[in-house]
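J.: what's the 3D shape of this:
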Amino acid sequence: HASGMDISYQYAPYDTIWSSMVNISTGNWASEISWNIVNSNGVVVFSGGYGGVYQNNSTYNNEFCFSNGTYTFNWLDEFGDGWNGGSYTIFGNNGNILASGSPTNGISGSTTFTLNGTCSYTLVANPPNTYKVNIKFYRDCGGIAAPGFMNPWGRTSLLDLEYSSSCGSGVETLIPIAGVVEIYPNCQTECNGGQNLGYEEYQYEAYIQLPPCSDWTIGVCENTRNAAITTIGNSNGQLLCVEATLDNTQNHNNSPTFSTVPTPFCCVGDPFCFNNGVIESDGDLLVYSLITPLNSLNGGTVNYNAPYSPTNPLGGGSSFNSSTGQFCISPTVVTTGILALRVSEYRNGILIGSIIRDIQISSYPCQGYNGIQLTGIDTTVEVNNNIADTYIYEVNCPSGNQNINFDINTINNNLISPSTYLDMTVVQNTSGGTFTISNNNTMNPIGTYRVALSAISTDLMFNIMTTNKNRIAIAPTYTIKKSILK
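T.: Residues are numbered from 1 along each chain as shown. Presented below is the predicted three-dimensional model:
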């Protein structure tokens, strides 16, 4: 069931306590309950209780700050008998009660509330040298439940985060922080009632204290990889492990983060390229490398079957850019393989940290159907992973402000038929701009991107894809770079 995993960490000197709050009071069987809040677009913006982490007859306060608008609170119960004496209360920015309830029966329910006013907050200092570690786990929907979630025969174990250095060591349980996110819901997969391979994303986090030391290693393993993997030996007997490193002797550090979800599908005979959309908040120099995936936290790695390798994970050859992390493969046979990407960060020429992403990827025959592509920015020419100008939009702003508006098109050279119609989807949008899609369920959907650049400090990134039942096409991470002319 373990199909991929990411790790990242952030320095966390403070916790922010917001004025708005979800208060959860549990009764009996508290491990069965969870909840989430979705905005008017149906996007989950807050959640709690996932992974069976609540204790009986306890109180949990969950602070938040959202923009004004209408939201829906969804309560969930794994057994289907309500919250057994538990209740929820949602408080607004000024302490007023926006919604409340005590579910007495059923597997789920919802209530809508409207948020108005301005958020206020207080800062509470964490212990010195506190770091927040985030894990993203990717599950094959055909396998057992994700860590901490329910199977028909019981709940799976939560993940343990291990950290060690010459200065000390420790173990901390990783707590689920969000509900299930289905990757590529437009595809008919085992995640939504179909028969094809599908994946879900789960997030976990833990807070740990790391005194200044040059050799911190932080890692986690999950048991086990999928039996469907054919490129390594004894795949379903191999742990899936990722780790990060940190040298915080000179200063604290925030690791890079992956802003895009892994891409699990490609077609035999179609060149396939992907960029992980890495974001670096500290401005450190990043260097990318393909490594042998880990099967332990003490240096153990998987063994590839010939002719597969870290730089040729699906066969047929590959190319990789160590400066951008962009890689392309050309699979020639149907197979399921794995690859691991390490991102190392350097500050003033000194290695200060690294993170790893482990990905499972499958190639399919996709016969009798021409490939589909996404275009570059404001063009009808296919986006080229080797030509940065096709997916990077550089803006020189004389005043630091400028409105950006451009299109991304699709290329579909198949015969006109409902079976060849496409849908365009925003996979990830970390840019703050809006992406409007028109002409879905036609031969050539169009995506229009709009953003007003003002007072931004990092590059803007987003990913999109086009899909139908035969093919999936994902472009590189589109990036908008801003420079201000003085």
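J.: grab the nearest non-local neighbour of residue 366.
T.: When the adjacent residues along the chain are set aside, residue 366 lies closest to residue 267, with 3.6 Å between them (C-beta to C-beta, 6 or more residues apart in numbering). Every residue, glycine included, has its C-beta placed from N, CA and C.
J.: quick check: the one you found vs residue 144, distance?
T.: In this structure, residue 267 lies at 28 Å from residue 144, with C-beta to C-beta, to the nearest Å as the measure.
J.: and residue 172, by the same measure?
T.: Residue 172 sits 23 Å away from residue 144, going by C-beta to C-beta.
J.: could you do residue 433 as well?
T.: In this structure, residue 433 lies at 39 Å from residue 144, with C-beta to C-beta as the measure.
J.: residue 328 now?
T.: Plainly put, residue 328 is 33 Å away from residue 144 if you go by C-beta to C-beta.
J.: what does residue 114 give?
T.: 40 Å.
J.: any idea which strand is longest in the protein?
T.: Among the segments of the chain that qualify as a strand by DSSP state E, the longest is strand 350-364.
J.: paired strands for that strand, with orientation please.
T.: For strand 350-364, the paired strands and their directions (DSSP bridges) are strand 2-11 (antiparallel), strand 240-246 (antiparallel), strand 265-267 (parallel), strand 335-347 (antiparallel).
J.: which one, of these, ends up nearest to residue 383?
T.: With distances scored as C-beta to C-beta, the stretch of the strands paired with strand 350-364 nearest to residue 383 is strand 265-267 (15.8 Å).
J.: counting contacts, what elements does the helix or strand immediately after that closest one in the chain pack onto?
T.: Read in the C-terminal direction, the helix or strand following strand 265-267 is strand 272-274, with elements assigned using DSSP states H and E. With contacts defined as 3 or more C-beta pairs under 8 Å, 6 or more residues apart in numbering; DSSP states H and E, strand 272-274 has these neighbours: strand 327-329.
J.: who does the strand it packs on pair with, and is each partner parallel or antiparallel?
T.: strand 272-274 (antiparallel), strand 318-320 (antiparallel).
J.: tell me which residues in that strand are buried?
T.: Residues of strand 327-329 classed as buried under the neighbour-count rule (16 or more other C-beta atoms under 10 Å) are 327-329.
J.: and the closest residue in space to residue 280 that isn't next to it in sequence, how many residues sit next to it?
T.: Spatially, and ignoring its direct neighbours in sequence, residue 280 is nearest to residue 256 (4.6 Å; C-beta to C-beta, 6+ apart). Here the count is done by other C-beta atoms under 10 Å, and residue 256 has 24 residues near it.
J.: ok, residue 179 next?
T.: Counted with other C-beta under 10 Å, residue 179 comes out at 21.
J.: ok, back up a step: with neighbour numbers in mind, choose between residue 172 and residue 144.
T.: Neighbours per residue, other C-beta under 10 Å: of residue 172 and residue 144, the larger number sits with residue 172, 18 against 15.
J.: any idea how far the most centrally placed residue in the chain lies from residue 30?
T.: With distances taken as C-alpha atoms, centre = their mean, the residue of the chain nearest its centroid is residue 261 (4.8 Å). Applying C-beta to C-beta, one obtains 31 Å for the distance of residue 261 from residue 30.
J.: with residue 352 instead?
T.: Counting by C-beta to C-beta, the gap between residue 352 and residue 30 amounts to 41 Å.
J.: and the helices in the protein, which stretches?
T.: Using DSSP state H, no helices are assigned anywhere in the chain.
J.: could you list the low-pLDDT ranges of it?
T.: With pLDDT under 70 as the threshold, the chain has low-confidence stretches at 186, 263-264, 367-371, 384-386, 388, 391, 394-402, 427-432, 453-486.
J.: now residue 188: how far from residue 35?
T.: 29 Å.
J.: which of the two has more neighbours?
T.: When residue 188 and residue 35 are compared on other C-beta under 10 Å, the one with more neighbours turns out to be residue 35, at 24 against 13.
J.: got a list of what that one touches?
T.: 22, 24, 47-49, 73-76, 88 (C-beta atoms under 8 Å, 6 or more residues apart in numbering).
J.: quick check, nearest of these to residue 338?
T.: Within the contacts of residue 35, distances to residue 338 taken as C-beta to C-beta reach their minimum at residue 47, with 29.3 Å.
J.: so what's the residue count around the closest one?
T.: Each residue near residue 47 was counted by other C-beta under 10 Å, and the total is 21.
J.: the one 3 residues further on too?
T.: Taking other C-beta under 10 Å as the neighbour definition, residue 50 ends up with a count of 24.
J.: does it touch residue 179 like I think?
T.: Yes - because the distance of 5.8 Å satisfies C-beta atoms under 8 Å, residue 50 is recorded as touching residue 179.
J.: any buried residues in stretch 8-21, and which?
T.: Within stretch 8-21, the residues that qualify as buried by neighbour count (16+ other C-beta under 10 Å) are 8-12, 19-21.
J.: of those residues, closest to residue 156?
T.: residue 8 (22.9 Å).
J.: for that closest one, give the beta-bridge partners.
T.: Checking residue 8 by DSSP bridges, which sets the bridge assignment, gives partners residue 134.
J.: so how far is residue 235 from it?
T.: As it turns out, when the distance is counted by C-beta to C-beta, residue 8 lies 26 Å from residue 235.
J.: again, but for residue 118
T.: When distance is defined by C-beta to C-beta, residue 118 is 53 Å away from residue 235.
J.: looking at these two now, which is surrounded by more residues?
T.: More crowded of residue 118 and residue 235, by other C-beta under 10 Å: residue 235, with 20 against 9.
J.: excluding chain neighbours, what is closest to the more buried one?
T.: Across the structure, with C-beta to C-beta, 6+ apart as the measure, the residue nearest residue 235 apart from its sequence neighbours is residue 229 (3.7 Å).
J.: for that neighbour, phi and psi?
T.: phi -70, psi 130 (degrees, to the nearest 10).
J.: residues contacting it?
T.: Contacts of residue 229 were listed using C-beta under 8 Å, 6+ apart, and they are 235-236, 336-338, 360.
J.: do the same with residue 334
T.: When contacts are counted by C-beta under 8 Å, 6+ apart, residue 334 touches 268, 363-365.
J.: with residue 68 instead?
T.: With contacts taken as C-beta under 8 Å, 6+ apart, residue 68 has the following neighbours: 115-117.
J.: same deal with residue 70?
T.: Counting by C-beta under 8 Å, 6+ apart, residue 70 makes contact with 39-40, 112-115.
J.: weed out the non-buried ones from the residues you listed.
T.: When the contacts of residue 70 are checked for burial by 16+ other C-beta under 10 Å, the buried set is 39, 115.
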